[in-house]
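S.K.: could you work out the structure for the sequence below:
(chains A and B)
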Protein chains: 2
Amino acid sequence: MMRTHYCGQVTEALTGQTVTVSGWVHRRRDHGGVIFIDLRDREGLLQCVFDPDAVEAFAAADKLRSEYVVKITGRVRPRPAGTENANLSSGKIEVLGKEVELLNKAETPPFHPDDETVGEDTRLKYRYIDLRRPQMQKNLKMRHDVVKQIRTYMDTNGFIDVETPILTRATPEGARDYLVPSRTHAGQFFALPQSPQLFKQLLMMSGLDRYYQIARCFRDEDLRADRQPEFTQLDVETSFMTQDEIMKMIEGLVVGLWKDTLGVDLGTLPHMSFEEAMRRFGSDKPDLRNPLELVDVKDLVTDVDFKVFSGPANDPKSRVTALRVPGGADKLSRGQIDGYTNFVKNYGAKGLAYIVVKEWSTKGRDGLTSPIVKNIHDAALTSIFERTGAVDGDVVFFGADTYKVVSDALGALRLKIGNDLGLTAGGWRALWVVDWPMFEWDDKEGGRWVSPHHPFTAPKVQSADELRNNPGTVLSQGYDIVLNGVEIGGGSVRIHRPEVQQAVFDLLGIGADEQQEKFGFLLEALSYGAPPHGGLALGLDRMIMLMVGGQSIREVIAFPKTQTAACPLTNAPGMVDARQLRELHIKSTVPAKDAAKSSTPA
Amino acid sequence: MMRTHYCGQVTEALTGQTVTVSGWVHRRRDHGGVIFIDLRDREGLLQCVFDPDAVEAFAAADKLRSEYVVKITGRVRPRPAGTENANLSSGKIEVLGKEVELLNKAETPPFHPDDETVGEDTRLKYRYIDLRRPQMQKNLKMRHDVVKQIRTYMDTNGFIDVETPILTRATPEGARDYLVPSRTHAGQFFALPQSPQLFKQLLMMSGLDRYYQIARCFRDEDLRADRQPEFTQLDVETSFMTQDEIMKMIEGLVVGLWKDTLGVDLGTLPHMSFEEAMRRFGSDKPDLRNPLELVDVKDLVTDVDFKVFSGPANDPKSRVTALRVPGGADKLSRGQIDGYTNFVKNYGAKGLAYIVVKEWSTKGRDGLTSPIVKNIHDAALTSIFERTGAVDGDVVFFGADTYKVVSDALGALRLKIGNDLGLTAGGWRALWVVDWPMFEWDDKEGGRWVSPHHPFTAPKVQSADELRNNPGTVLSQGYDIVLNGVEIGGGSVRIHRPEVQQAVFDLLGIGADEQQEKFGFLLEALSYGAPPHGGLALGLDRMIMLMVGGQSIREVIAFPKTQTAACPLTNAPGMVDARQLRELHIKSTVPAKDAAKSSTPA
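M.R.: I've put the predicted structure just below:
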């Protein structure tokens, strides 16, 4: 037997007993002719002491080095008074070592697991050492615990865990697919699923009633901080439940997770319409911890001389909004304000109008600092300040452009200023965003309707005709769950009538042939007795990242990829034999020597 | 609200209450001016009755057809005496329908969910209808329950569920890999994992101590009845446990599953060496329910005139064995025996010698019917019958050839005769097969050592030198768990010392460059403090197939592929745009029109 206890489980309750522990040499110290070994395993650290009296054990301990793997047997005794370590579960005791067995040597590792300063490239290359860090062990443990709690909740509510295929057809989530050439069907390809969307709907048509899966999903996108080529979602679908019932069910799960895992009460989640979220926060995933809000002033500036305002103010498709920063006159430097002008340009804004309200109450117009006020008449200024609540000492920023540009730019600015000024409160604020538009008009390529969610989302109207007649105004039965400004999940009631599904495909400009080719099986399945159904997916990686206070989902994934979608540990992707490609009926278009070069870690 | 109860949950306890149920119209009957609707959902069938008195509901019920999706509200009442159905949980009651809401119509489906006679191609194409069958619902539910119980067991034993990558490097399980071209690393490819083997070993080097995962695995093989391109295994790895401790832990799981799911006590699993299994049963996965055994007679026939026997008997690499079939003289027809001769040819045997022992006790040699006895002297015959226990009325079959051919052929014949004669008992017989050879000699391509398990399996010797000196005799710390002749899982203690791992690679003929290229990261990781570790994988699909008494793992997989690795439901694999392939730096070698043709379901 290699252990009687984990290191972290050896406490004063075992005083006087003989224990056997196995683990890694975390530190080795000589002190006063005695050898101290801090032994580490999954559950913690244990101090083992070797006296020269125990000749053999002492000699063996003397040879131990950092990260050696070793088995130690000894007697548990109290630490000498004054040497206790309150930070360790085993901090009141130590083990007087009697036997040492070296299980494996270790070369000096590229970094010590304690070292928090190592760059991520190195940490990913030696991930097995990185994962020895207590924080990473804690993250993986937390992930395990959260998944376990999710499963218990879903089981209790009658959901059945069903595995859906990884080798499947291209799905229409809109991102790029990972493809897998078929050997047995020459010239054809599987796609890795961007989500199990269609399979879970088919399971509803199978009468399974309630399905869930902790599902791996794949998107071949250019990666940002919180994206990975493969990620994991809690995937849920139910039959015969209304939108409100589904949301309540999922809310029970999320609230329970935060309560049981972090001791946090998220309360009852407010429902906010997409329209309100965009209007007040310029975002479909508003961070409610941030007190700043957008206030529309379009109607107040239709007749000002400042064309940057009056132009959009007279265009029904545009938006003019104000963002008041209380106390901004003192808190924001001129340099910061200039910086914000550049910042909003990232979101398509042409510039950033602002008014520093210094002494408006006493000096009126002369009490304002602003490049724009000279062309805005008094009545407009007065009503803007009135509506935004601006008083002396505030700064008011403005956005005036298309609805989308203004919302994106001022929404982002709101977050940035909230962070810069430390306005964003701690804690947790969650909400549902509902009443999404069924379609949005995309001006690109001559203009076309697109789905904010996906084309299987049900409209809030019953008939295909109502939908066809009002594509721009019909709302959908979609819902997103947002926590601290992060979309942690989203879903919808689905279309369960074939003629409605077809109308949506038509409106999205998917021709009859493409409908048949890509979705023929879905339309057919809808015609053979499809129940009303709906569901949702929660981003597991993101949720757990939030829970552990991480900055990237890479911190909660055991073996993540880099931002260029590579694994520095295994050197994936890699070269393959030409013979393998021949069997798969494909050819690389890259000369082998260039391909080998592209494996250089980026 | 669309339901107050599932159909199967409406029992006599609810008599007099009003319930709302939703589901599928399983049958609709007119009988005596009354309409009967058998409504079906996941939990069962419920008889709903519509009287002409309830005018609106009756009219609505009148329009219902098979597989329509409908919501019915009504009062629960006892069925008239004599019309109860003891086969249904709801068989004592019926619902007197008051309201009917049609939720969705259905075209006449291609087959009725009750119909067990539909061919598998059709069932897979309309899998969502096939899955409505009670047996399929039961299979998926059983799978859910088993996985849940597995997770509980693993959690209780301190195992942590960790997800490992699907986009990874080629792994060395020996089957063909599915490949995924990389877009960001031109000319390079990911492989889908044949198992998470190396990642779980790396997790042990990470100090995670105990890992498990319900893991999807991928093998691009030509498919047999019990193979799928993607399949699922319970993947387990632990540190600091011995082979016996690991086996005991897994045995606890399997025994518990059979006990709790089927009420079957598997008992304590016997351990049988690979050598004994091959010797007695000609198989490394013996079905112990079958009472027939092979008995080696090589030493008895070294000097017979029958060269087919004496040749192999004098060759140290060959085997001569006997299979006695008690009572075979009456039970086996001449035609059957001839059939067996052809049967064993499938396993490489050149023929099948046999002796029908008719009246040996009274007539001696004249009491035998056999094409071979004239060249076998009396002493040999006597000792063969003595050793095999053959008496009048038995048939003895013989195999004489290389060890492998004899074992394969007679092992298979043993199973076939056991089935043909109904000798194989019902019930469940499980065992561990242990003491596998570390290497087997493969005569192909000039001869080389191969691993019966995989190259990470630890030998039963400690040092690399001992291994190098005795590759042909060293045993491994591998173990397979076998149930009713099906290998449901296998594993091993792994190599944790880099020099031993390297010796194994060397013996397998993996050159230094290939070692570095494919396994450099593993050898490096082993050098930085790798604990003793080992684990196992259980084939989840196969286990559940056995549990539900299925004939193919396709019966326990929601959306399986056909034997040509295609999905007739979604038509995967499919054609993709040339643009997509360009982005992935590959070209199809198949003209588009031929590729399209290859999508014809095979």
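
S.K.: which single residue in the stretch 151-300 of chain A comes nearest to chain B?
M.R.: Closest to chain B within the stretch 151-300 of chain A is residue A:187: 2.4 Å, counting by CB to the nearest CB. All C-beta spots, glycine's among them, are computed from the backbone N, C-alpha and C.

S.K.: look up phi and psi at residue A:336.
M.R.: phi -60, psi -50 (degrees, to the nearest 10).

S.K.: got a list of what the residue most central in space within chain A touches?
M.R.: Nearest to the geometric centre of chain A sits residue A:542, at 2.9 Å (CA atoms, centre = their mean). Residue A:542 is in contact with A:226, A:486, A:488, A:553, counting by CB atoms under 8 Å, 6 or more residues apart in numbering or on different chains.

S.K.: change it to 10 Å
M.R.: A:226-227, A:231-233, A:483, A:486-489, A:550, A:553, A:556 (CB atoms under 10 Å, 6 or more residues apart in numbering or on different chains).

S.K.: check residue A:85 too.
M.R.: A:38, A:45, A:47, A:79, A:91, A:92, A:94.

S.K.: which two of these have the greatest separation?
M.R.: Greatest spatial distance among the contacts of residue A:85 (CB to CB): A:38 and A:92, at 14.9 Å.

S.K.: and those two? Which one has more around it.
M.R.: Between residue A:38 and residue A:92, counted using other CB atoms under 10 Å in any protein chain shown, residue A:38 has the larger neighbour count: 20 against 16.

S.K.: what about that one, which helix or strand?
M.R.: Per DSSP states H and E, residue A:38 falls inside strand A:34-41.

S.K.: could I get the phi/psi values of the residue in the stretch 301-450 of chain A that chain B sits nearest to?
M.R.: Proximity of the stretch 301-450 of chain A to chain B (CB to the nearest CB) peaks at residue A:445, 15.3 Å away. Main-chain torsions, residue A:445, degrees, to the nearest 10: phi 50, psi 50.

S.K.: check it and give its pLDDT.
M.R.: Note on residue A:445: pLDDT of 73.

S.K.: likewise the one 3 residues further on?
M.R.: In this prediction, residue A:448 carries a pLDDT score of 89.

S.K.: so residue A:478 touches residue A:440, yeah?
M.R.: No - judged on CB atoms under 10 Å, residue A:478 makes no contact with residue A:440 at a distance of 12.0 Å.

S.K.: which residue of the two possesses the greater neighbour count?
M.R.: residue A:478 (27 against 13).

S.K.: got phi/psi on the more buried one?
M.R.: For residue A:478, the backbone dihedrals (degrees, to the nearest 10) come out as phi -90, psi 160.

S.K.: quick one, what contacts it?
M.R.: When the contact criterion is CB under 10 Å, 6+ apart, the partners of residue A:478 are A:243, A:274, A:433-438, A:451-454, A:457-460, A:490-493, A:534, A:536.

S.K.: apply 8 Å and report the result again.
M.R.: Going by CB under 8 Å, 6+ apart, residue A:478 touches A:434, A:436, A:452, A:453, A:457, A:490, A:491, A:492.

S.K.: contacting residues for the second one?
M.R.: Which is residue A:436. Contact analysis of residue A:436 by CB under 8 Å, 6+ apart lists A:274, A:284, A:452, A:453, A:457, A:475, A:476, A:478, A:479, A:480.

S.K.: rerun at 6 Å
M.R.: Residue A:436 makes contact with A:274, A:452, A:476, A:478 under the criterion CB atoms under 6 Å, 6 or more residues apart in numbering or on different chains.

S.K.: again with the fifth one
M.R.: Contacts for residue A:457 were tallied using CB under 6 Å, 6+ apart; they are A:476, A:478, A:492.

S.K.: where does the closest residue to chain B within the stretch 401-550 of chain A land on pLDDT?
M.R.: Using CB to the nearest CB, residue A:529 is the residue of the stretch 401-550 of chain A that sits closest to chain B, at 3.6 Å. pLDDT recorded at residue A:529 is 96.

S.K.: tally of neighbours for it?
M.R.: Residues contacting residue A:529 under the criterion other CB under 10 Å number 28.

S.K.: I figured it was touching residue B:69, is that so?
M.R.: Yes - between residue A:529 and residue B:69 there is a contact under CB atoms under 6 Å: 5.3 Å.

S.K.: residues shared between the contacts of these two?
M.R.: Common neighbours of residue A:529 and residue B:69, using CB under 6 Å, 6+ apart, are residue B:24.

S.K.: A helix includes residue A:467, no?
M.R.: Yes - counting by DSSP: H, G, I helix; E, B strand; the rest coil, residue A:467 is located in a helix.

S.K.: please report the distance of it from residue A:496.
M.R.: 14 Å (CB to CB, to the nearest Å).

S.K.: next: residue A:504.
M.R.: From residue A:504 to residue A:496 the distance is 12 Å (CB to CB).

S.K.: residues from the stretch 151-300 of chain A in reach of chain B?
M.R.: For the stretch 151-300 of chain A, the contact set with chain B under CB under 6 Å from any CB of the partner chain comprises A:160-162, A:165-169, A:178, A:180, A:182-190, A:202, A:205-207, A:209, A:216, A:220, A:229-230, A:240.

S.K.: go again with 7 Å.
M.R.: Within the stretch 151-300 of chain A, the positions near chain B by CB under 7 Å from any CB of the partner chain are A:151, A:155, A:160-169, A:178-190, A:199, A:202-203, A:205-209, A:216, A:220, A:229-230, A:232, A:240-241.
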